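Visitor: What would the 3D arrangement of this be:
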Amino acid sequence: MRVHDLLLDAAREAPERTALEFQGNAIPYAALAEEARRVAAGLGELGLRPGDSIGLMLPNMPQFATTLFGAFLGGHVIVPMNVLLTPPEIRYLVEDSRIRLLVVFDAFLPQVESAVKEVRDPPGIVAVGGGAHAHVPYADLAGHEPIREPFASDAQTHALTIYTSGTTGKPKGAVISAGNILAQIRLMNELFRPAPDDKYLCVLPLFHAFALNGILLPCVANQTPVLLHPRFDVDAAFQALAHEDVTWFGGVPTMYFYLLKHPQAETTRFPKLRVCITGGQAMPVEVLKQFEACFGTPIYEGYGMTETTVSVCINQPGGERRVGTVGKPYPGCQMKVVDDAGHELPTGVDGEIVVRGPNIMQGYLNKPEASAEALRDGWLHTGDIGHCDEDGFFTIVDRKKDMIIKGGYNIYPREIEEVIYQLPQVAEAAVVGTRDPAKGERVRAVVALKPGQSLDERELRAHVERNLAKYKHPADYRFVAELPKGATGKILKREIRTELERGEGSA
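Guide: As a prediction, the model looks like this:
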């Protein structure tokens with residue numbers, strides 16, 4: 001099987017079955033496949049060749065799916081892009097992936113146009129929506145005769161580049177092959193297989209691996225309808241779960257928190273909902289217990305990262321589910337806990353989680369050293385700290401790196417710190433995450449200025465907001481004389497975090 005066969009097979013076997021429901025419209029598999037074939041032809045007419053990269057800056061909408069599969073049919077590489085990115089962030093992705101074409105929702109055209117105007121070989125732009133602009137309309141892209149013969153891809157074909165930040169502050173593009181995608185679907189189907197009479201509510205953004213590789217593509221493979229919401233709106237999601245025959249839901253813990261806080265939560269039930277899946281950040285045990293007590297649907301918590309296509313382990317239905325853990329590895333995946341020298345640690349001892357399996361990325365785009373560091377001796381070193389119990393259940397207890405997870409988004413402090421350091425008044429800066437009951441973690445910044453310098457918080461905040469997506473913005477800034485350091489001069493972020501959470505004195 002090739003990755004585009006997921007859609008072509010569904011269109012052949014169940015042409016009239018609903019693939020996507022969006023804003024009251026049902027799109028059957030035959031129509032979805034037909035438009036994807038037209039898009040593939042349009043991409044060829046624009047001069048794209050197999051292996052060329054296409055950036056998608058779209059909210060959840062059918063055109064995301066048709067462009068995705070159109071690219072797969074033509075042998076192109078899709079680069080999903082967070083719609084909140086600023087022009088400097090967009091430009092970096094365009095240049096790093098050598099993006100030849102950007103498919104952009106009208107509302108995001110200003111930041112995209114600003115980003116590409118200084119690119120030496122700027123990509124073309126296809127605009128989705130009805131606004132006035134000078135770019136190729138999506139209707140023209142999809143207005144060609146459908147292609148007859150798809151690109152002859154194989155398991156090694158580069159299908160996706162999904163960006164995840166690193167401790168250097170610059171995002172890294174995880175190279176996901178067609179084989180990685182198909183393997184992930186097979187792994188998930190060993191335990192979970194949504195049926196054609198199920199319906200999956202997707203409120204997570206499709207530019208995120210959870211929604212793209214964990215919801216949309218597996219649902220197409222299983223010919224399961226997806227009710228697609230443009231974004232997470234708690235009232236819209238609540239009403240869909242209550243009234244739209246939704247049987248499956250996947251979300252980050254923050255979403256379950258807000259559903260529990262809905263004013264109708266005490267009086268309304270989700271009659272058809274039978275499976276909930278969560279990941280992206282640690283699920284608070286109390287939120288899980290309260291949700292299950294209120295709505296009667298089990299939540300299965302799993303663990304993965306962009307580099308694993310989606311996930312490598314999960315609490316498994318039909319077997320023992322251990323709340324507070326991320327479950328056991330999928331059949332076909334392996335996990336172990338190692339020390340800094342790579343030696344496996346005994347049961348119950350904390351160390352770094354390493355994983356391997358057929359869904360592990362091929363490496364980081366254009367970053368051979370980072371790839372070699374992450375992929376060692378056949379294992380992906382995750383940077384997460386955890387342990388395994390005597391029954392094979394894994395628990396994640398901390399992160400080796402200082403990553404912050406806010407509402408399911410991965411935020412890397414170094415990226416924010418580098419932006420703060422651009423201001424000449426700044427001597428030291430540290431960004432940490434502190435506990436937040438709604439979003440998991442809150443982004444906090446602590447700044448020390450150079451002697452004799454002054455900096456207004458509004459000026460600092462405005463500078464950060466110009467250069468980083470909104471979800472990365474610190475909730476607050478604290479100015480101190482000096483940051484705490486250890487014997488080697490390393491800034492003690494754990495101490496900063498502890499003091500901020502206590503709310504005592506200075507950091």
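Visitor: What is the longest helix of the protein by residue count?
Guide: Secondary structure of the chain per DSSP state H: the longest helix is helix 29-45.
Visitor: residues in contact with it?
Guide: Outside helix 29-45, the residues that touch it by Cβ atoms under 8 Å, 6 or more residues apart in numbering are 4, 7-8, 10-11, 14-20, 54, 62, 65-71, 73-74, 76, 101, 140-147, 150, 223. Using the backbone N, CA and C atoms, a C-beta is placed for each residue, glycine as well.
Visitor: Of these, which belong to helices?
Guide: 7-8, 10-11, 62, 65-71, 73-74, 140-141.
Visitor: now, among those residues, which is nearest to Thr434?
Guide: Leu68 (36.6 Å; Cβ to Cβ).
Visitor: what sits against that closest one?
Guide: Counting by Cβ under 8 Å, 6+ apart, Leu68 has contacts Ala36, Leu56, Ile78, Leu212, Leu216.
Visitor: do that again at 7 Å, thanks
Guide: By Cβ atoms under 7 Å, 6 or more residues apart in numbering, the contact set of Leu68 is Ile78.
Visitor: correct me, but Leu109 touches Ala127?
Guide: Yes - judged on Cβ atoms under 7 Å, Leu109 makes contact with Ala127 at a distance of 6.2 Å.
Visitor: neighbour-wise, which of those two wins?
Guide: Ala127 (24 against 20; other Cβ atoms under 10 Å).
Visitor: tell me which residues in the longest helix of the chain are buried?
Guide: Buried positions in helix 29-45, judged by neighbour count with 16 or more other Cβ atoms under 10 Å: 29-44.
Visitor: what's the closest of those residues to Pro263?
Guide: The closest of the buried residues of helix 29-45, once distances to Pro263 are taken by Cβ to Cβ, is Leu32, at 36.1 Å.
Visitor: Can you say which of the ones in helices among the contacts of helix 29-45 are buried?
Guide: 7-8, 10-11, 62, 65-71, 73-74, 141.
Visitor: May I ask which two of those are separated the most?
Guide: Of all pairs in these, the most separated under Cβ to Cβ is Ala10 and Leu141 at 22.2 Å.
Visitor: Which residue is the nearest non-sequential neighbour of His144?
Guide: Ala41 (3.8 Å; Cβ to Cβ, 6 or more residues apart in numbering).
Visitor: and the gap between that neighbour and Ala33?
Guide: 13 Å (Cβ to Cβ, to the nearest Å).
Visitor: Distance check, Gly433 against Gln281.
Guide: 10 Å.
Visitor: which one of those two has more residues nearby?
Guide: For Gly433 versus Gln281, the count of surrounding residues by other Cβ under 10 Å is larger for Gly433: 23 against 20.
Visitor: That one belongs to a strand, doesn't it?
Guide: Yes - assigned with DSSP: H, G, I helix; E, B strand; the rest coil, Gly433 falls within a strand.
Visitor: give me every residue that touches it.
Guide: Neighbours of Gly433 in contact, by Cβ under 7 Å, 6+ apart: Ile404, Glu441, Arg442, Val443.
Visitor: so the first one makes contact with Ile416?
Guide: No - with contact defined as Cβ under 7 Å, Ile404 does not count as touching Ile416 (9.0 Å).
Visitor: Paired strands for the host helix or strand of Ala429, with orientation please.
Guide: Taking DSSP states H and E as the definition, Ala429 sits inside strand 426-436. Taking DSSP bridges as the criterion, strand 426-436 forms sheet pairs with strand 440-449 (antiparallel).
Visitor: Show the residue spans covered by the strands in the stretch 401-507 of the chain.
Guide: Secondary structure of the stretch 401-507 of the chain (DSSP state E, counting those that start in this stretch): strands located at 404-406, 409-411, 426-436, 440-449, 476-480.
Visitor: what is the mean pLDDT for the fourth one?
Guide: Averaged across strand 440-449, pLDDT comes to 94.
Visitor: Also the first one?
Guide: Per-residue pLDDT over strand 404-406 has a mean of 89.
Visitor: and it, what does it pack onto?
Guide: strand 440-449 (3 or more Cβ pairs under 7 Å, 6 or more residues apart in numbering; DSSP states H and E).
Visitor: relative to strand 476-480, how tilted is the strand it packs on?
Guide: 30 degrees (axes from the mean of the first three to the mean of the last three Cα atoms, to 10 degrees).
Visitor: Got the confidence number for the spatially most central residue of the chain?
Guide: Centroid check for the chain by Cα atoms, centre = their mean gives His208 as the closest residue, at 2.7 Å. On the pLDDT scale, His208 is placed at 92.
Visitor: do the same with the one 3 residues further on
Guide: The predicted local confidence for Ala211 comes out at a pLDDT of 96.
Visitor: Could you list the buried residues of stretch 131-142?
Guide: His135, Val136, Pro137, Tyr138, Leu141, Ala142.
Visitor: The second one - nearest residue in space that isn't next to it in sequence?
Guide: Going back to what we said before, that points to Val136. Val136's closest residue in space is Val126 (Cβ to Cβ, 6+ apart), at 4.7 Å.
Visitor: Would you format the buried residues of stretch 131-142 as CSV with pLDDT and distance to Arg478 included?
Guide: Formatted as CSV, these follow (pLDDT from 0 to 100; distance: Cβ to Cβ, whole Å):
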residue, pLDDT, distance to Arg478
His135, 95, 43
Val136, 96, 47
Pro137, 96, 48
Tyr138, 97, 46
Leu141, 97, 49
Ala142, 97, 51
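Visitor: a markdown table for those residues, including distance to Thr161?
Guide: Putting the buried residues of stretch 131-142 into a markdown table (distance: Cβ to Cβ, whole Å) gives the following:
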| residue | distance to Thr161 |
| --- | --- |
| His135 | 22 |
| Val136 | 22 |
| Pro137 | 26 |
| Tyr138 | 22 |
| Leu141 | 21 |
| Ala142 | 23 |
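Visitor: among those residues, which two are most distant?
Guide: His135 and Ala142 (14.4 Å).
Visitor: that older thread, can you list the strands of the stretch 401-507 of the chain in JSON lines and add distance to Lys272?
Guide: Output for those, formatted as JSON lines (distance: least, Cβ to Cβ, whole Å):
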{"stretch": "strand 404-406", "distance to Lys272": "30"}
{"stretch": "strand 409-411", "distance to Lys272": "29"}
{"stretch": "strand 426-436", "distance to Lys272": "31"}
{"stretch": "strand 440-449", "distance to Lys272": "28"}
{"stretch": "strand 476-480", "distance to Lys272": "42"}
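Visitor: Can you say which of those strands is nearest to Pro368?
Guide: Of the strands of the stretch 401-507 of the chain, nearest to Pro368 by Cβ to Cβ is strand 409-411, at 22.4 Å.
Visitor: Give the rounded mean pLDDT of that closest one.
Guide: Here the average pLDDT along strand 409-411 is 84.
Visitor: still on that earlier bit, which residues sit in contact with the residue nearest to the centre of the chain?
Guide: His208 touches nothing, counting by Cβ under 7 Å, 6+ apart.
Visitor: same deal with the one 10 residues further on?
Guide: Remark: with contacts taken as Cβ under 7 Å, 6+ apart, Pro218 is in contact with Ile185, Met188.
Visitor: for the one 4 residues further on, same thing?
Guide: With contacts defined as Cβ under 7 Å, 6+ apart, the neighbours of Asn222 are Arg193, Pro194.
Visitor: What separation do you get for it and Val79?
Guide: Taken as Cβ to Cβ, the span from Asn222 to Val79 is 26 Å.
Visitor: just to revisit the earlier point, for the strands of the stretch 401-507 of the chain, which one sits closest to Cys202?
Guide: Nearest to Cys202, of all those, is strand 409-411, at 16.8 Å by Cβ to Cβ.
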